[in-house]
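**Q** Structure, please.
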Amino acid sequence: MDGHLCGIGSFPGQQALYLALPVPLQRAVGSAAREIDELQRATFYWRNNVMADKPYKVAALVETIAEASEAAEKKCMLGFGQIMALGVIAAGYLALATTLSIAVGAGIELPGVQKLVMGAVFPVGLIAVLMAVSELSTGNYLTAPLGAMMARIGWRHTFYVWAGSYAGNFLGAFIMAAIIIHGAHIFVGPMWGEQWVALLKKYVTVKAHLAPMEAFWRGVLCIWLVDLAVWQAYRVKDTTSKFLLIWFPTFAFFTLGLEHSVVNMFIFPAAIFAGADITWSDFMLHNLTPVVMGNIVGGVFIVGMLYWYSAGLPVEKPIARLGSLVGGHGGSNVEMGNYRLLGLHIGRGVLAVAIAVALLPGVGAGLSVLLPAEAGIVVPLMVIVYLTTLAYVLSLVFRKPPKPTPQLNTGPEPQHRDLSMVS
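**A** Coordinates of the predicted model:
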């Protein structure tokens, strides 16, 4: 029996060893070698044909993803103070929108009509966030990963954008809750009846007692609609179209009672300040942690990665232009990726979700459990200090440095030194 035909290598040592074996063992070894050869051929075909295959390019989607990726790159260049301030502003808009929704809905007895009216007025918050420019962490769960998939930024940069906007949102929502309840006495002042406080407490009590998986899936569905509004805002240019395309998905999520983490960052402290019978651990452990996980999963995978795959897995490759050689900007070229790249980004996305959930709501939930209930307001203040510190550290490590602006030299010609005498 010829060893080479049995799948045995052609080296003399291998052939001699093979021929020295008994005939039954030669047959067994030959059969195993053939199986290994077939497996190697199948693996080679899968790696170089199936995994290297490229989906069809959808130009309209590629344009939208490229615009979102450019926005993601600019977000990564924001300084620590800038992203924190913009996060506070975004939370303020959503806090005011939530307050308005409760204000107009408390006096309506029919539940369906109440939900309809509250959902109709809430979108003013997200419209302000997207059109007046601010940093909302739930929108960044879509935008930053798209930048990483397009290779405009790295996945490490997404952590800075997420942490900075999340910390700013948490701080802004907490401040707004204190101002609205303790400062302005909205819902609790003499011009407000019991029905407004009762509605606020009712909403928060229901949210605090959701099962973890229920809160998670409500978070996924919520961000599917919210990030759909963000995605559609990138698709159009005129103000009227943006207004309408943001309004409809936002109206849908609020009317359905889905879970938005930044809204909850405001409504839970507001209810606690108004006397609701819930604890900070009810908020941070039982609600915020599974909701944030659902929000990130929805932004990264349901909206971001599905659209990126549907567009044909576009990747931006920088190319040199003549202008970049003389002080101008280089260009870029969009190429289509393959399924190997898709698998790589799925793995990185799963890891990013796990790390973000552990560092953002996870540590806060741990502090709310470890600190005694008597600590009261100290619990959220400690969480704010931690989140702010985390965002600052990540800004030092993962912030993308801004691109240098080319300067045109309009002065006189520089004087050339005679270097002939320099030793």
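**Q** Tell me if Asn333 really is in a strand.
**A** Yes. Under DSSP: H, G, I helix; E, B strand; the rest coil, Asn333 falls within a strand.
**Q** thinking it is in contact with Pro314, fair?
**A** No. Assessed by C-beta atoms under 8 Å, Asn333 is found out of contact with Pro314, at 10.5 Å. All C-beta atoms are positioned from the backbone trio N, CA, C, and that covers glycine.
**Q** higher neighbour count, those two?
**A** Pro314 (24 against 9; other C-beta atoms under 10 Å).
**Q** And that one, what's its pLDDT?
**A** As predicted, Pro314 sits at a pLDDT of 94.
**Q** looking at the sheet around it, what are its partners?
**A** Pro314 forms beta bridges with Met336, as assigned by DSSP bridges.
**Q** Now do the domain split for the chain, please.
**A** 12-50, 59-321+329-398 (automatic domain parsing).
**Q** As a markdown table, the ones you listed with distance to Pro404 would be great.
**A** Shown next, in a markdown table, are those (distance: least, C-beta to C-beta, whole Å):
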| stretch | distance to Pro404 |
| --- | --- |
| domain 12-50 | 40 |
| domain 59-321+329-398 | 10 |
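**Q** which of those is buried the deepest?
**A** The highest average neighbour count among the domains of the chain, using mean count of other C-beta atoms under 10 Å, belongs to domain 59-321+329-398 at a mean of 20.
**Q** Now the most centrally placed residue in the chain. Nearest residue, chain neighbours left out?
**A** The residue lying closest to the centre of the chain (C-alpha atoms, centre = their mean) is Tyr141, at 1.6 Å. Sequence neighbours aside, Gly299 is the residue nearest to Tyr141 in space, at 2.8 Å (criterion: C-beta to C-beta, 6 or more residues apart in numbering).
**Q** returning to that earlier point: need the least confident one among the domains of the chain, by mean pLDDT.
**A** Looking at these, the bottom one is domain 12-50 with a mean of 64.
**Q** Centre of the chain to stretch 306-318, how far?
**A** Put simply, stretch 306-318 sits 17 Å off its chain's centre (C-alpha atoms, centre = their mean, to the nearest Å).
**Q** shift numbering so it begins at 17
**A** Fine by me, first position is 17 from now on; the one you just mentioned is stretch 322-334.
**Q** Span of it from start to end?
**A** 24 Å (C-alpha to C-alpha, to the nearest Å).
**Q** re earlier: for the residue nearest to the centre of the chain, give me its contacts.
**A** Residues near Tyr157 by C-beta atoms under 8 Å, 6 or more residues apart in numbering: 178, 239, 243, 311-312, 314-316, 320.
**Q** Tell me the one of those nearest Ala76?
**A** Gly320 (16.6 Å; C-beta to C-beta).
**Q** Just the strands from the protein, written as ranges.
**A** Secondary structure of the chain (DSSP state E): strands at 330-335, 347-352.
**Q** Any chance of JSON lines for those strands, columns distance to Tyr182?
**A** Shown next, in JSON lines, are the strands of the chain (distance: least, C-beta to C-beta, whole Å):
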{"stretch": "strand 330-335", "distance to Tyr182": "26"}
{"stretch": "strand 347-352", "distance to Tyr182": "30"}
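**Q** Nearest to Val373, out of these?
**A** Val373 lies closest to strand 330-335 among those, at 27.0 Å (C-beta to C-beta).
**Q** Pull the distance from the closest one to the chain's centre.
**A** That offset, for strand 330-335, works out to 21 Å (C-alpha atoms, centre = their mean).
**Q** what packs against it?
**A** helix 75-92, strand 347-352 (3 or more C-beta pairs under 8 Å, 6 or more residues apart in numbering; DSSP states H and E).
**Q** go with 6 Å
**A** In terms of contacts (3 or more C-beta pairs under 6 Å, 6 or more residues apart in numbering; DSSP states H and E), strand 330-335 is packed against strand 347-352.
**Q** Name the nearest residue to Ala106, ignoring sequence neighbours.
**A** Ser150 (3.8 Å).
**Q** coming back round to it: where's the residue nearest to the centre of the chain relative to Ala231, distance?
**A** 16 Å (C-beta to C-beta, to the nearest Å).
**Q** same question, Thr114
**A** Relative to Ala231, Thr114 is positioned 18 Å away (C-beta to C-beta).
**Q** Which parts of the stretch 67-216 of the chain are helices?
**A** Secondary structure of the stretch 67-216 of the chain (DSSP state H, counting those that start in this stretch): helices at 75-92, 96-121, 127-137, 140-147, 153-165, 171-194, 210-224.
**Q** follow-up on the earlier one: pretty sure the residue nearest to Ala106 is touching Ile105, no?
**A** Yes. Counting by C-beta atoms under 6 Å, Ile105 is a contact partner of Ser150 at 4.2 Å.
**Q** List the contacts of the residue nearest to Tyr157.
**A** Residues in contact with Gly315 (C-beta atoms under 6 Å, 6 or more residues apart in numbering) are 157-158, 239, 243.
**Q** run the last query once more with 10 Å
**A** Residues near Gly315 by C-beta atoms under 10 Å, 6 or more residues apart in numbering: 153-162, 178, 235-236, 239-240, 242-243, 246, 321, 369.
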